[in-house]
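Student: Sequence first, predicted model second:
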Protein chains: 2
Amino acid sequence: MRKRYSFAKFLGAAGIGAAAPLLAAEGMWLPSQAPALQSQLREAGLAIPPERLADLHAAPMGAIASLGGCSASFVSADGLVATNHHCVLGSIQFNASPERNLLRDGFLARTRAEELPAAPGTRVLVIDSLDDVTAAMLAGITPKLTGAARIRALEANRKAIVAACEVEPGIRCEVRSYFGGSQYWRQKMLEIRDVRLVHAPAESIGNFGGEVDNWQWPRHTGDYSFYRAYVGPDGRPAAPSPANRPYRPRAHLKIAREDLKDGDFVLIAGFPGATERFRTAAETEGWYGRIYPRQQRMLADYSALIARETQTEADRIAYASIKAGADNFAKKIAGQLEVANRFGLVELKRAREAALADWARRPANRRIHGRALVNFDGLTGEALAADEARLVNATLNRAQLLSAARTLYRWANEQQKPDTEREPGFQERDRQQLIDRLSLIDRRFVARIDRAILMQALAETATLPAAQRNTALEAKIAELGLDRLYSGTRLGDRAERLAWLDRPVAEFIASDDPFIQVAVAAYAQDMAAEGRRKELDGRLDAARVAWMGAARAHAASEGRLLYPDANGSLRFTFGHVRGRQTRDGEAWTAFTTAAGILAKDTGKDPFNSPPALLAALKEGKWGALGSQALGTLPVNFLSTTDITNGNSGSAVMNAKGELVGLAFDGTLEGMLSDWWFDEATTRTIAVDARYMRFVIGRVDGATELLREMGAD
Amino acid sequence: MRKRYSFAKFLGAAGIGAAAPLLAAEGMWLPSQAPALQSQLREAGLAIPPERLADLHAAPMGAIASLGGCSASFVSADGLVATNHHCVLGSIQFNASPERNLLRDGFLARTRAEELPAAPGTRVLVIDSLDDVTAAMLAGITPKLTGAARIRALEANRKAIVAACEVEPGIRCEVRSYFGGSQYWRQKMLEIRDVRLVHAPAESIGNFGGEVDNWQWPRHTGDYSFYRAYVGPDGRPAAPSPANRPYRPRAHLKIAREDLKDGDFVLIAGFPGATERFRTAAETEGWYGRIYPRQQRMLADYSALIARETQTEADRIAYASIKAGADNFAKKIAGQLEVANRFGLVELKRAREAALADWARRPANRRIHGRALVNFDGLTGEALAADEARLVNATLNRAQLLSAARTLYRWANEQQKPDTEREPGFQERDRQQLIDRLSLIDRRFVARIDRAILMQALAETATLPAAQRNTALEAKIAELGLDRLYSGTRLGDRAERLAWLDRPVAEFIASDDPFIQVAVAAYAQDMAAEGRRKELDGRLDAARVAWMGAARAHAASEGRLLYPDANGSLRFTFGHVRGRQTRDGEAWTAFTTAAGILAKDTGKDPFNSPPALLAALKEGKWGALGSQALGTLPVNFLSTTDITNGNSGSAVMNAKGELVGLAFDGTLEGMLSDWWFDEATTRTIAVDARYMRFVIGRVDGATELLREMGAD
């Protein structure tokens, strides 16, 4: 059942190569690749013209939006945005209090006036264009540059491209690297900043099964929620204001009316965050042998500490989203480690590389590609050590006031340079996001817990060799002592925190705020470490471009169309609604149904459905929402599609490009897919739109919402 | 998914009632019912004329044979008999020794001369005719008879019918009760006594998964073996002799060549032992509330004691078959109790009975059937107490020398009467079977273990009220003491044991053999208990006939065709190859395959496949034995058919009546089916004939055997 060499698709176009058996599932394709894939898309079942997927201004792709970390889609002409419950968790929590427990009870704005502000920093990003800027990015990049110089040159080119793009207010541009730095595309987006919470089901629906069911099948989670995007009276993105009006998207998705069945074609569009399918065998060995096990353990420690320290409901609400994130990531890494071991991931990578190395050694290819693999492998040991140190040092940023102080001092230092020379993330264009991040702390911070988190992080970094950690930071904290750090700081106050954003470096140096003092003390070593990292990154980038050059030339010689690793940019994936064999004689079926919720419900968290849901399910009047094929209400379904973190909330569409569900999870067995896609085991879990409609209409009585979506 | 009232089939014939939706799975049909079922059989997929199933002299039914407790079928013109490995376990064990471990290694006779004798008592029974003898059986039976008189009259009628039937040597006739004594059919059979072991795979194939996998799916057991039936030179059954020649059956099954696939029609024919589907709600409550739990516990204690006491490989071989039987039965009862509770068996029975009671109370039916249910329920308490006492007292018979002594003394007493007046089982026609049973003890007896078993049984019976146990037996054992019982007896010697078969009562009374003394002491109370039991049985019989009369009249009024409870006589059942949903989102697939054996194999018992099998599976050259639909070698498969204990070894046939497998098990979830058939959960597990052929040919190299079956 295992594919031997499957990180690529065969190109079906005549003359390039013979069409291989259709394996629709693998591939996170760029919209611009749709025309080249048209025969595969048609054969798989797409009923609309495949080239439509390259059109970012029309449905379905024109309806897809990013929330930055999650995916979403417009489902009405009035800017209604569908995404996952777990993607709006921060906004629910931002509006929740012990008196008004929106997390537990869910939320429904019966009128637009009742809509609540999303958490600070929430953005709806709408793609305007996606353009190849490889030539502009690689201008002046020569093999002779040092690593650090190469990175500086790439950063300068990137900033110039972005600056030239962001001429209108409300437009955000970014340039991402594809195929390991071989290509660069510029994503131009409308950045909508007035985002409001419209509807979220009760946590016991939206997160039914909780951590127990996370990454599991059979699944019965109603993981959906709705935002609405607002723009200023001029139709352009604007700061939140009562004067704003709903954004009218260029396109929105229709809710499917036809029965979605086992075997049906499905299309998913969204913003997958990161995959590592082009990583080398040596890199894979380092991550799975050393780095992931440590990261997993650090996340588990972090989650356990939060669980131990959160004592009140208010504590729990404050840290719910942070803990959920840590749990989710820890479970994902544990799953990845387990399946990688089971599948022999390193051996698979080695076998793939052996084929590539054979090809690269052939006389015809040797001159250009002969050294590509060897050169890259020569850097891997150094890169792995740096990656591990980076992850360990990053645990210090879990301490929110320390992280804020370091960010603020860096900001002050960067402010001394012209804007175009500042470090990415510290330019004027990043100011609002920084303000939002600094504001968010208020809702997610308890000093006692933050202190415990800092202590844990210091213990962790202490395990690193001195050269890899910030000894000046440690010395300053030791000098001040944790008690003074937390009792003496005024950064816990938002106004004070934000005020530092406009203060000069000298004021930081003169400050008696203990966290500011730590940030100042840490700065020189932080900068030195960054310099070393950039030098290494530059050398790695050059080597990886050469490696990918070999891999791409090899694929082209065999008529294979490659797709780039996920990098947070817009992609589509297609496949079919389909269960899978779990072991010989046993299988997962493609759908779960209403009966499964009733069977799982224990009345206790995380299997405590609201009484209204239980009553409606027991009544069993599905009407138009019942699947004809199943004879009951579908709840979640599996499909053979290729998604990863960042795809959460992605629209799942049928052959006509109509919404049939929202992707929200994968399964443990599919966790290999970030590094290696296995067709037999990888499945996407989505919440069926019919279950969403059932809960929205019959349980939450949000008939107006259904009417707006044309799904009443 | 649950049927409300499903112990019957709707009759599809026009004019009798409208055809209900086809539920082929339920029903253990008499061959004579095939014509009435022809539309259902055709619709389900049977490709041969349905009326052929009523012909006991032609294939497929003419090829079906009984082993008495197991089912079998002829698969060659030379008397080759296919059945389950677990059905020939006794014969394997009979021929095994620590030096020649046939159980572990399997056995193959490469020539007919190498075939081994089956265990004493092994019979192949071939049906000659099946005739309705209700009128003759009920002659002279009136409501005025006492219970005991009714039983005596029935026994006398039965003996007369049997005697008139068994006129030729080698013919065995039996009269069984159907529909709770409402009908009687006479089964006339050829009793073949020279049975030889031809082939058995290694235990780690034939019992792969052992107790761990028993009653489980996914399953990967090669539960098949072969006997050959021999008759005398005149073609009639004869005692084992080198002069005998292979029996030429009237019909034998062909091995299917077509791909058996998910959804295909299958037919199973065999000898289901007993079901209780017509038991009343009150009886069900007594059995599931009290009797089964106790029986299950007594079996578990028995098995644990054997496990504890068997210390050497010789001990293990001696008690392997006994322990396997106890384990199997204990697991089955535990499963029955669990599923009965889950399904609410008592409530299902109550609901069914309510419908019947409603019907019986209607003015039109009241006169004949109005009291039937109430009268029967009035006897239930007494019957349940007697059943429990009988089961508890039966544990004494596990002590093999005690059981032999009691049987021998009963035999001597019965010998004093004319043959036709003797108790069934003690007539001259039963002599050979008795000799075989008494002989078998040699291979299955270790005095130290037998003694421990007797102690356990005495502790068990001591819990009964004095009136329900044999206090004279207990007193005698106490007087003699267990030490003297085992050291003083000569019954451990087979010749001595068999010699008692022809000794008169007086010699028993005068004997100083301690076990004989116990048997003599116990006799009077044994006879008194039997008399009481017969009186009760007679009254129960009369009441059940009335109850069944109501049930049958009720069914007839609704156009439903009833099938009788299983009673060890020839039946067929039909359905389809099909998996089932196990919980929402998960399912069992219809087939297991070669990959599953490799995945399960640990190298340790019970998952220790022979190296030759593992090598052949890894090689993966299936040739014609690979399923086209699955692309690999099928091992076991599920079907929606209706079987129970006694069906083990039954031929599973395709639409053409060709052999596609051998039934060998059900699943725990289907354990309800002895008392209530649930279509959604009940499945039969069969070993696929292609896996049998693969192991026979590629692993055991028995190409001659395949050639004989026409399956090479």
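Tutor: Good, I have the coordinates.

Student: Which helix in chain A has the most residues?
Tutor: helix A:514-557 (DSSP state H).

Student: and it, how far out from the chain's middle?
Tutor: 21 Å (CA atoms, centre = their mean, to the nearest Å).

Student: okay, the residue in chain A sticking out farthest from the centre: pLDDT?
Tutor: Largest separation from the mean C-alpha position in chain A: residue A:363, at 42.3 Å (CA atoms, centre = their mean). For residue A:363, the pLDDT comes out at 95.

Student: Same question for residue A:403.
Tutor: pLDDT, residue A:403: 97.

Student: On the three-state scheme, the residue lying closest to residue A:343 once chain neighbours are set aside is what?
Tutor: Nearest residue to residue A:343, sequence neighbours excluded (CB to CB, 6 or more residues apart in numbering or on different chains): residue A:672, at 5.6 Å. All C-beta spots, glycine's among them, are computed from the backbone N, C-alpha and C. The three-state label given to residue A:672 by DSSP: H, G, I helix; E, B strand; the rest coil is helix.

Student: next one: the one 5 residues further on
Tutor: Under the three-state scheme (three-state DSSP), residue A:677 adopts coil.

Student: and it, how far is that from residue B:469?
Tutor: 70 Å (CB to CB, to the nearest Å).

Student: now the helices for the stretch 401-550 of chain A?
Tutor: A:431-440, A:447-461, A:471-480, A:482-488, A:494-499, A:505-510, A:514-557 (DSSP state H, counting those that start in this stretch).

Student: Over the last one, what's the mean pLDDT, rounded is fine.
Tutor: I take that to be helix A:514-557. Per-residue scores along helix A:514-557 average to 97.

Student: same deal with stretch A:690-705?
Tutor: On average, stretch A:690-705 scores 97.

Student: list the buried ones in it?
Tutor: Applying a neighbour-count criterion of 16 or more other CB atoms under 10 Å in any protein chain shown, one finds A:690-700, A:702, A:705 buried in stretch A:690-705.

Student: anything in it near chain B?
Tutor: No: against chain B, stretch A:690-705 shows no contacts by CB under 8 Å from any CB of the partner chain, the least distance being 12.7 Å.

Student: which outside residues touch that stretch?
Tutor: A:80, A:106, A:108, A:110, A:198-199, A:201, A:205, A:222, A:224, A:226, A:255, A:260, A:610, A:612-613, A:616, A:622, A:625-627, A:633-636, A:661-662, A:706, A:711-712 (CB atoms under 8 Å, 6 or more residues apart in numbering or on different chains).

Student: okay, how far is it across that stretch, tip to tip?
Tutor: End-to-end distance of stretch A:690-705 (CA to CA, to the nearest Å): 14 Å.

Student: C-terminal to the worst-scoring helix or strand of chain A on mean pLDDT, what's the next element?
Tutor: In chain A, no helix or strand scores lower on mean pLDDT, DSSP states H and E than strand A:9-10, which sits at a mean of 30. The helix or strand immediately downstream of strand A:9-10 is helix A:38-44, counting by DSSP states H and E.

Student: Now for the most centrally placed residue in chain A: which residues touch it?
Tutor: For chain A, residue A:646 is the residue whose C-alpha lies nearest the centre (CA atoms, centre = their mean; 2.5 Å). The contact partners of residue A:646, by CB under 8 Å, 6+ apart, come to A:69, A:70, A:71, A:270, A:271, A:272, A:273, A:274, A:566, A:568.

Student: For the residues you listed, which PyMOL command selects only the ones that are buried?
Tutor: If you want just the buried ones from those in PyMOL, going by 16+ other CB under 10 Å, the selection is:
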select buried, chain A and resi 69+70+71+270+271+272+273+566+568
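
Student: Contact partners for residue A:381?
Tutor: residue A:286.

Student: Now do the phi/psi pair for the residue in the stretch 101-250 of chain A that chain B sits nearest to.
Tutor: Nearest residue of the stretch 101-250 of chain A to chain B, counting by CB to the nearest CB: residue A:218, 2.6 Å away. In terms of degrees, to the nearest 10, the main-chain angles of residue A:218 are phi -70, psi 140.

Student: Name the nearest residue to it, sequence neighbours excluded.
Tutor: Excluding the flanking residues, the one nearest residue A:218 by CB to CB, 6+ apart is residue B:585, at 2.6 Å.

Student: Look at that neighbour and say how many residues are nearby.
Tutor: Neighbour count of residue B:585, defined by other CB atoms under 10 Å in any protein chain shown: 25.

Student: ok, it touching residue A:587?
Tutor: No: contact criterion CB atoms under 8 Å: residue B:585 and residue A:587 do not qualify, at 9.9 Å.
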